[in-house]
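[1] Sequence and computational prediction follow.
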Amino acid sequence: MTNVLVTGGAGYIGSHACKALKAAGHIPITYDNLVTGWQDAVKFGPFEKGDLLDRPRLDEVFAKHQPNAVMHFAALSQVGESMKEPAKYWRNNVSGSLNLIEAAVAAGCLDFVFSSTCATYGDQDGVTLNEENVQHPINAYGASKRAIEDMLRDFEAAYGLRHVVFRYFNVAGADPEGEVGEFHRPETHLVPLMLDAIDGKRDALTIYGTDYDTPDGTCIRDYVHVCDLVDAHVLGIRWLADGKGSRVFNLGTGSGFSVREVIDHSRNVTNRNVPFNEGARRPGDCTRLVSGSDRAAEELGWRPTRSTLQTMITDAWRWHQTGHYDR
Ligand code: UDP
């Protein structure tokens, strides 16, 4: 059993991670400022309200819970917002992570799992991305995450901080048991916005750009189920505990779907019309982000079981219909 400090444990991915950690026999301690998270999503272990920019509070929580490992999800993660307000991203994501990493090292907690993103790769048209690709982020969100990856490497060299970095592709779906799911305010992500449009909670989905260099003109993404994603994190904790050392893993399926294809799948799953219109490109969006790596499968033993579009949308739709979106 391991005490794991989960920053952002009240958020979408963090809350699913807490559930998976508990199921694997660990104790997830959520550290969250509740700016984008929800206290009622903290169901699987203790809750400590706090901000990453508050170093004394971080030190207090490390002293109280003596975590053996950190799982760091807390971050601002909207590509569009990051282009308009980059300072928020550098302050919250980069300065906040610096505080957390310094506090972890000071507390002697040297196993660190970090939530990074395929947005660190940037636009590399036509290329499937693997962990050795150069990273050229084209938005402030991706740049902030790459900076944190660099920080982790420096802290390993200086203080022996062992870290597993997961570069996520597009996360979708929800806990099939309905205990937790996706809920952002404001919502900016494709699948929940589309489900909102399907059941009339918003007028229509706007497709951001139909003139990309892809077969149907819309952006292509590699979608991975949140439950599969967090399973990899639990494997990451074991990887570090087994002394296997720092490593970067892509978490994607290797299959890309365009925005129009996601709309088509949603129509089939829900058996409802998807109202949409065609709009301008969203600044910062890459044309195509698809993982080209089997490293997580080969080295971590990661076996995604729910990451088909059909299952992701079915699970998201079930969660959507519970009414959590209406709060
Ligand atoms: N997208 C869209 N309309 C929306 C939201 C997203 O067309 O209202 C597109 C977006 O341009 C991208 C894909 O859907 O190609 C996934 O976007 P999302 O914000 O869900 O995730 P991101 O790729 O930014 O991490």
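    Sure, I can see it.

[2] if I pick whatever residue of the stretch 151-300 of the chain ends up closest to the ligand, what's in contact with it?
    Minimum separation of the stretch 151-300 of the chain from the ligand (C-beta to the nearest ligand atom) falls at Cys219, amounting to 3.0 Å. Every residue, glycine included, has its C-beta placed from N, CA and C. Taking C-beta atoms under 8 Å, 6 or more residues apart in numbering as the definition of contact, the neighbours of Cys219 are 208-209, 212, 258-259, 285-288.

[3] Output the set of residues of the protein in proximity to the ligand.
    79, 170, 188-190, 193, 205-208, 219, 221, 259, 282, 285 (C-beta under 6 Å from any ligand atom).

[4] again, only this time at 8 Å
    77-80, 117, 119, 170, 172, 188-191, 193-194, 205-209, 218-221, 259, 262, 279, 281-282, 284-286, 289 (C-beta under 8 Å from any ligand atom).

[5] Buried among those? Make that a PyMOL selection.
    Applying 16 or more other C-beta atoms under 10 Å to the residues of the chain next to the ligand leaves a buried subset, and the PyMOL line that selects it is:
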select buried, resi 77+78+79+117+119+170+172+189+190+191+193+194+205+207+208+209+218+219+220+221+259+262+284+285+286+289
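
[6] what ranges do the strands span in the protein?
    Assigned by DSSP state E, the chain shows strands spanning 3-7, 27-32, 47-49, 69-72, 111-117, 162-168, 170-172, 205-208, 220-221, 223-225, 247-251, 257-258, 276-279, 288-289.

[7] ok, and what's touching stretch 24-39?
    Residues outside stretch 24-39 that contact it (C-beta under 8 Å, 6+ apart) are 1-11, 14-15, 17-18, 21-22, 42, 44-52, 58, 61, 65, 67, 71, 74, 76, 183-185, 234, 237.

[8] Need the strands of the chain in CSV (columns: mean pLDDT).
    Listed next are the strands of the chain as CSV, based on pLDDT from 0 to 100:
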stretch, mean pLDDT
strand 3-7, 98
strand 27-32, 98
strand 47-49, 98
strand 69-72, 98
strand 111-117, 98
strand 162-168, 98
strand 170-172, 98
strand 205-208, 98
strand 220-221, 96
strand 223-225, 98
strand 247-251, 98
strand 257-258, 98
strand 276-279, 98
strand 288-289, 94
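
[9] Format those strands as a markdown table; extra columns: distance to Arg91.
    As requested, the strands of the chain are arranged in a markdown table below (distance: least, C-beta to C-beta, whole Å):
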| stretch | distance to Arg91 |
| --- | --- |
| strand 3-7 | 15 |
| strand 27-32 | 17 |
| strand 47-49 | 19 |
| strand 69-72 | 16 |
| strand 111-117 | 18 |
| strand 162-168 | 21 |
| strand 170-172 | 24 |
| strand 205-208 | 26 |
| strand 220-221 | 27 |
| strand 223-225 | 28 |
| strand 247-251 | 25 |
| strand 257-258 | 34 |
| strand 276-279 | 30 |
| strand 288-289 | 25 |
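
[10] With respect to Glu298, which of these lies nearest?
    Closest approach to Glu298 among the strands of the chain (C-beta to C-beta): strand 247-251, 10.0 Å.

[11] now the angle from that closest one to strand 162-168?
    Counting by axes from the mean of the first three to the mean of the last three C-alpha atoms, to 10 degrees, strand 247-251 points 20 degrees away from the direction of strand 162-168.

[12] so where's this protein uncertain?
    Residue ranges of the chain with pLDDT under 70: 325-327.

[13] What are the buried residues along the lengthiest helix in it?
    With residue count as the measure and DSSP state H as the assignment, the chain has helix 140-159 as its longest helix. When burial is assessed from 16+ other C-beta under 10 Å, helix 140-159 yields the following buried residues: 140-149, 151-152, 155-156.

[14] swap in stretch 318-327?
    Across stretch 318-327, burial judged by 16+ other C-beta under 10 Å covers 318-320, 324-325.
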